[in-house]
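K.L.:
give the three-dimensional model of this entry:
(one chain, ligands or ions: 1)
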Amino acid sequence: MDTTAPTIDPAPAAGGQPDPIATLPPSFRWGVATSSYQIEGAVAEDGRTPSIWDTFCRVPGAIDNGDNGDVACDHYHRMPADVALMRDLGLDTYRFSVAWPRVQPGGRGPVNPAGIGFYDRLTDELLAQGIDPWVTLYHWDLPQELEDAGGWPERDTAYRFADYASLVYDKLGDRITAWTTLNEPWCSAMLGYAYGRHAPGRQNFADAMRAVHHLLLGHGLATQRLRAAATNPIELGITLNMSSHSPATDSPADLDATRRADGLGTRIYLDPLVHGRYPTDVVADLAARGIELPVQDGDLEIISTPIDVLGVNYYFSTAHSGVDEQGRDRDEDGNPIERVVPTGRPQTAMEWEIVPEGFTKLLVRLSRDYPGLPMWITENGSAFVDHPDENGFVRDDDRVAYFQSHIAAVAEARQQGADIRGYFAWSLLDNFEWAYGYDKRFGIVRVDYDTQARTPKQSALWYRDTIRRVRGGQA
Ligand code: FCB
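P.N.:
Numbering: from 1, shown residues only. Okay, here's the model as predicted:
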């Protein structure tokens with residue numbers, strides 16, 4: 001790592017106020033997160049079979065610039081050097097995902113030794129460098145064969161997921177204690193099956209709702225399997241992407257749109273997970289559209305199997321309107337309008353509004369509505385247009401400011417009583433940002449995709465220095 005690059009002073013927050021980040025305790029844990037398809041490449045090596053993302057990337061127009069994950073950051077071949085980068089940043093923990101079609105090609109049958117071998121080596125490498133591994137079992141790369149058999153709208157996929165989870169735990173459970181079942185089931189269900197923006201690219205709202213239930217069922221079944229198999233204490237949970245939702249105005253239509261956004265964004269997941277029931281207003285909204293969640297006897301008990309930790313992914317907050325630009329409150333199918341309205345706040349390169357206080361509000365609300373569940377920030381970060389100098393160094397003051405304000409927001413939430421144990425920055429490396437391809441860069445380390453050279457950005461140095469400072473060491 002280039003230690004000659006300038007570092008940013010970890011200065012107190014503007015206005016002479018004490019820096020909230022300094023209130024985070026030395027026990028607070030710091031990491032970075034990535035996911036398999038976004039960084040690994042090597043899509044046809046060591047027995048890996050295609051996932052829905054390999055297929056979706058071949059659909060003309062699905063991905064900006066026609067990009068795909070065939071090579072990505074070539075992490076599969078550069079893993080030890082990438083772990084060394086993390087060590088140099090002083091990280092405690094690394095959240096990565098396991099590629100299902102690498103470990104269990106086709107989504108059924110025995111483990112593929114060569115495929116799990118990669119994660120076995122990664123685990124050992126992390127532990128050798130003093131970094132705790134944190135596994136996500138599913139970060140969206142469903143084996144294509146399982147989609148061909150119906151995908152997440154089919155109940156059988158939940159059982160296939162539980163089998164796969166057992167295979168992974170069997171091989172890595174002796175060394176890994178932190179386990180996340182699913183990353184962002186909202187994205188799998190809504191972006192994948194309702195909006196068609198993500199793999200597998202379906203546009204069917206009823207399918208998306210079936211997918212929600214089967215994702216949650218898969219989570220519950222896998223949770224039960226891992227608990228039964230664990231001989232050591234484990235920290236087991238699920239990661240949800242969430243926002244603070246507010247009404248664009250105080251009109252009844254906007255208030256109702258906000259309720260519906262929160263219902264389908266947050267409560268449809270957390271109510272069954274924590275309280276063992278789907279929210280009645282959401283069930284009624286779905287019934288009005290002729291949709292019933294495919295719940296069978298016993299499912300909600302499985303889904304509400306206790307978890308140890310809730311993973312929170314936060315990027316932005318949204319304001320909602322219940323009328324379209326023409327003032328209509330129903331779409332052409334007769335369904336109520338629910339529209340995100342810009343509030344004029346500064347945005348990232350994703351056109352996501354930068355709302356750090358929405359993060360505090362969300363975390364405090366979660367601790368109130370779902371008490372007793374320790375939280376980890378399993379992703380938070382931002383894409384901006386980077387301008388590397390001749391050495392590839394990026395002075396990304398905008399990304400630093402985003403991290404600073406959002407980590408401060410986490411500290412504020414802790415001060416208000418939310419039990420938050422750690423923070424993962426998204427992401428270690430610039431990577432394949434799904435439908436946006438490689439154009440959107442979230443890394444704290446720049447990747448030159450022509451050479452695969454890695455260059456820590458200013459944000460990486462700031463993050464390293466912030467961790468040291470919070471620990472009471474010298475920045
Ligand atoms: C999250 C995803 C992650 C990444 C970030 C920017 O929704 O979990 O893979 O794409 O957004």
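
K.L.:
got the buried residues for stretch 96-103?
P.N.:
F96, S97, V98, A99, W100, P101, R102, V103 (16 or more other CB atoms under 10 Å). Every residue, glycine included, has its C-beta placed from N, CA and C.

K.L.:
hmm, G117 and the third one touching each other?
P.N.:
No - between V98 and G117 there is no contact under CB atoms under 8 Å: 11.9 Å.

K.L.:
which one of the buried residues of stretch 96-103 is nearest the ligand?
P.N.:
Using CB to the nearest ligand atom, S97 is the member of the buried residues of stretch 96-103 that sits closest to the ligand, with 8.7 Å.

K.L.:
ok, and the closest non-adjacent residue to the residue of the stretch 1-150 of the chain found nearest the ligand?
P.N.:
Going by CB to the nearest ligand atom, the ligand is nearest to S35 of the stretch 1-150 of the chain, at 4.9 Å. Among residues not flanking S35 along the chain, H139 sits closest, at 3.8 Å (CB to CB, 6 or more residues apart in numbering).

K.L.:
gap between the one you found and D74?
P.N.:
18 Å (CB to CB, to the nearest Å).

K.L.:
out of the two, which sits in the busier spot?
P.N.:
Each of H139 and D74 has its neighbours counted (other CB atoms under 10 Å); H139 has more, 24 against 17.

K.L.:
need the pLDDT of the more buried one.
P.N.:
According to the prediction, H139 has pLDDT 99.

K.L.:
and what of Q17?
P.N.:
At Q17, the pLDDT value in this model is 74.

K.L.:
that one: neighbouring residues, count only.
P.N.:
So Q17, with other CB under 10 Å, has 9 neighbours.

K.L.:
and it, how close does it get to Q415?
P.N.:
From Q17 to Q415 the distance is 13 Å (CB to CB).

K.L.:
before we move on, what about T223?
P.N.:
31 Å.

K.L.:
neighbour-wise, which of the two wins?
P.N.:
More crowded of T223 and Q415, by other CB under 10 Å: T223, with 25 against 13.

K.L.:
the more buried one reaches I307, doesn't it?
P.N.:
Yes - applying CB under 8 Å, one finds T223 in contact with I307, separated by 6.4 Å.

K.L.:
find residues that contact each of these two.
P.N.:
Residues touching both T223 and I307 by CB atoms under 8 Å, 6 or more residues apart in numbering: L236.

K.L.:
what's near enough to touch S243?
P.N.:
Contacts of S243 (CB under 8 Å, 6+ apart): G265, Y314, Y315, F316, S317, T318, G358, L362.

K.L.:
give me the distance between the helix or strand where L310 lies and the centre of its chain.
P.N.:
Secondary structure from DSSP states H and E places L310 in strand 309-313. Put simply, strand 309-313 sits 9 Å off its chain's centre (CA atoms, centre = their mean, to the nearest Å).

K.L.:
that strand - contacts with which helices or strands?
P.N.:
The helices and strands touching strand 309-313, judged by 3 or more CB pairs under 8 Å, 6 or more residues apart in numbering; DSSP states H and E, are strand 178-183, strand 235-241, helix 356-369, strand 375-379.
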